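Participant: have a look at this prediction, sequence included:
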Amino acid sequence: MSAASTPLLIDGKAAAARVLAEVGREVIALKDAGLAPALAVVLVGQDPASQVYVRNKVLRAEECGIRSLEHKLPADTAEADLLALIHTLNGDDSVHGILVQLPLPGHIDESRVLQAVSPLKDVDGFHAENVGGLSQGRDVLTPCTPAGCLRLLQDTCGNLTGKHAVVIGRSNIVGKPMAALLLKAHCTVTVVHSRSANLKELCRQADIVVAAVGRPRLVDAEWLKPGAVVIDVGINRIEEDGRSKLVGDVDFDSALAHAAAITPVPGGVGPMTIAFLMKNTLAAARLQHPAAGLPQPSMENPA
Ligand SMILES: Nc1nc(=O)c2c([nH]1)NC[C@@H]1CN(c3ccc(C(=O)N[C@@H](CCC(=O)O)C(=O)O)cc3)C=[N+]21
């Protein structure tokens, strides 16, 4: 069986451009109110992929009027020195968002570093206070990739209430916060992972599939109920036909046979992740200055 009509290609680049334009307008309003949002990006070491991501983050920030500061530290930076930088940024009133690019070198305790970031400046949403807040369904700074996936799903499906979503993968960065966001949107949520029995059968029951396991082209048409909406979070660099290629966790060409709508890789979730980082930076600036954008006290309207 195949999907009734041609599947919709979910254009992450176009969706990200809409989010960035939205953010850009709000940044202008905030600047008029005397607040210039700023994002600090901290990169430890010289991982080439991380360097590309960080450069893209800085470019997108410029595009929507957010000031960005790059802190590049050598790979052998001591954990204590990284923590000291984070404390300095926490105390710097001109910095509203702090992003520590992952992965960190092996000698640094990742969770200790993420816990050191002030929860109010935690634009990745990785601090335990924000993780806990999300799991309670509160409106807190939320991880960028799952937040971007949710927006793509809402734009594609409208109301998600009652839909069965299967999340493949249980990472702290994508799988777990994705499940929390889908629950908050009133989906029925199943989280499956590499050790699940009947992975394929469970997935075939889904109205919505979010693939975030890091296994190139794991999900094909056989995993999908006809009419399923597929969000591919995977970014896997593979060698094929003698050249290097970027592929997702979904076998795109095969999935087209059953999917009602699907994100490509690249050009799907990736650009939305960066757009939501900008949205979170704006939200963080507002959290730190709750009165910004409100009418200023005046002679006629004293504080
Ligand atoms: N603290 C932290 N926060 C992160 O959000 C974070 C991180 N560390 N470490 C690495 C991952 C990965 N990540 C991506 C963001 C955008 C694209 C993206 O825009 N990709 C383009 C293509 C990029 C290419 O061509 O290589 C696309 O999918 O169209 C990819 C990957 C954020 N991450």
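Facilitator: Received it, and whenever you're ready, just let me know what you need.

Participant: would you mind measuring from the closest residue to H127 other than its chain neighbours to the ligand?
Facilitator: Spatial nearest neighbour of H127, excluding adjacent residues (Cβ to Cβ, 6 or more residues apart in numbering): P119 at 4.7 Å. Glycine gets a C-beta too; all of them are placed from N, C-alpha and C. Going from P119 to the ligand by Cβ to the nearest ligand atom, to the nearest Å gives 15 Å.

Participant: can you check H186 too?
Facilitator: On the measure of Cβ to the nearest ligand atom, H186 and the ligand end up 26 Å apart.

Participant: ok, that residue touching L160?
Facilitator: Yes: because the distance of 6.5 Å satisfies Cβ atoms under 8 Å, H186 is recorded as touching L160.

Participant: for S135, which residues are in contact?
Facilitator: Under the criterion of Cβ atoms under 8 Å, 6 or more residues apart in numbering, the neighbours of S135 are A180.

Participant: revised request: answer the last question for L99.
Facilitator: L99 is in contact with 39-42, 57, 123-124, 277, counting by Cβ under 8 Å, 6+ apart.

Participant: secondary structure class of it, three-state.
Facilitator: What DSSP: H, G, I helix; E, B strand; the rest coil gives for L99 is strand.

Participant: how near is it to L85?
Facilitator: L99 sits 13 Å away from L85, taking Cβ to Cβ, to the nearest Å as the criterion.

Participant: show me the common contact partners of the two, please.
Facilitator: V42.

Participant: let me know the helix or strand that the residue in the stretch 101-250 of the chain positioned nearest to the ligand is in.
Facilitator: Across the stretch 101-250 of the chain, no residue is closer to the ligand than L102, which sits at 3.8 Å (Cβ to the nearest ligand atom). Using DSSP states H and E, L102 sits within no helix or strand.

Participant: got a list of what it touches?
Facilitator: Contacts of L102 were listed using Cβ under 8 Å, 6+ apart, and they are 110, 173.

Participant: would you list every one of the helices in the stretch 201-303 of the chain?
Facilitator: With helices called from DSSP state H, counting those that start in this stretch, the stretch 201-303 of the chain shows them at 252-255, 269-288.

Participant: check the stretch 51-200 of the chain too.
Facilitator: 79-90, 110-116, 128-135, 144-157, 175-184, 199-203.

Participant: of all those helices, which one is nearest A291?
Facilitator: The closest of the helices of the stretch 51-200 of the chain to A291 is helix 79-90. By Cβ to Cβ, the value is 20.8 Å.

Participant: buried ones in the closest one?
Facilitator: Buried residues in helix 79-90, counting neighbours by 16 or more other Cβ atoms under 10 Å, are found at 79, 82-83, 85-86, 89.

Participant: burial count for the closest residue to S194 other than its chain neighbours?
Facilitator: Nearest residue to S194, sequence neighbours excluded (Cβ to Cβ, 6+ apart): V213, at 6.6 Å. Using other Cβ atoms under 10 Å, V213 has 22 other residues around it.

Participant: ok and the residue in the stretch 201-303 of the chain nearest the ligand?
Facilitator: Using Cβ to the nearest ligand atom, the single residue of the stretch 201-303 of the chain nearest to the ligand is G270, 2.2 Å away.

Participant: circling back to that earlier point, next one, pLDDT for the residue of the stretch 101-250 of the chain closest to the ligand please.
Facilitator: You'll see L102 listed with a pLDDT of 96.
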